[in-house]
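> Sequence and predicted model, in that order:
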Amino acid sequence: DTEVTQTPKHLVMGMTNKKSLKCEQHMGHRAMYWYKQKAKKPPELMFVYSYEKLSINESVPSRFSPECPNSSLLNLHLHALQPEDSALYLCASSPPALTVYTGELFFGEGSRLTVL
Amino acid sequence: DQQVKQNSPSLSVQEGRISILNCDYTNSMFDYFLWYKKYPAEGPTFLISISSIKDKNEDGRFTVFLNKSAKHLSLHIVPSQPGDSAVYFCAAKRPLSGGSYIPTFGRGTSLIVHP
């Protein structure tokens, strides 16, 4: 199994809603990532978890709350989002250590979020 | 300020010809470079990589060239096939605090290969 699975594929929410994006991998990877990508822009790193601990937070607003319940799962909890948060949210995982110089990322298909 | 730049948003090539996708970077601390390919409605997938100690890496129809002095790399696809039509992202890694390596991405180049 070399897949990273993201659900839901599409999500529409209001600014007062609370929702969550989910990501799952069964490749034994111990580093998992959330990226945000807006149209015609590069994927931008949001969070990195290494061995289920938050390792990197790229100064993301607190209305985005990541959670890593176990080594296979990564969630992104969303609350009080703004319309400008509408984007494609990509989850990725990589081989065990972030210090692996040559390790590549395995991406999911992404969750397309629209905030009304 | 983008540290990894792909200045051509799109490229159109005839089947069988060479496709050349370019990427420039500004941070001299980058020491490992990757190309990812993305089809619509799919996540990016790893294609090929190159370390800064090399100037060329080849894998089948795909070759990546690195010019460190110019801070420039390019991806050559020969011969191009219609199935190569996708968005290609250039990415670069550098060591961050704690010794981790996280890639920084360019905005991508959309390649269209015409039959």
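Alright, I've got the coordinates. Numbering: from 1, shown residues only, chains lettered A, B, ... in the order given.

> State the mean pLDDT of stretch A:4-19.
The pLDDT scores in stretch A:4-19 average 94.

> residues in contact with that stretch?
A:21-25, A:27, A:77-83, A:89-93, A:106-116, B:43 (Cβ atoms under 8 Å, 6 or more residues apart in numbering or on different chains). Where C-beta positions appear, they are placed from N, C-alpha and C, glycine not excepted.

> Tell me the buried residues in it?
Neighbour-count burial for stretch A:4-19 flags A:V4, A:Q6, A:L11, A:M13, A:K19 (criterion: 16 or more other Cβ atoms under 10 Å in any protein chain shown).

> what's the span of that stretch from first residue to last?
Terminal residues of stretch A:4-19 are spaced 20 Å apart (Cα to Cα, to the nearest Å).

> Any idea how far that stretch is from the middle of the chain?
12 Å (Cα atoms, centre = their mean, to the nearest Å).

> my guess is B:L66 meets B:D55, correct?
Yes - counting by Cβ atoms under 8 Å, B:L66 touches B:D55, with 5.2 Å between them.

> between those two, which one's more packed in?
B:L66 (19 against 13; other Cβ atoms under 10 Å in any protein chain shown).

> Got the phi and psi for that one?
phi -120, psi 130 (degrees, to the nearest 10).

> How about the one 5 residues further on?
With angles defined as degrees, to the nearest 10, B:K71 sits at phi 50, psi 50.

> Just the pLDDT for it.
B:K71 is given a pLDDT of 96.

> do the same with the one 4 residues further on
In this model, B:L75 is scored at 98, pLDDT.
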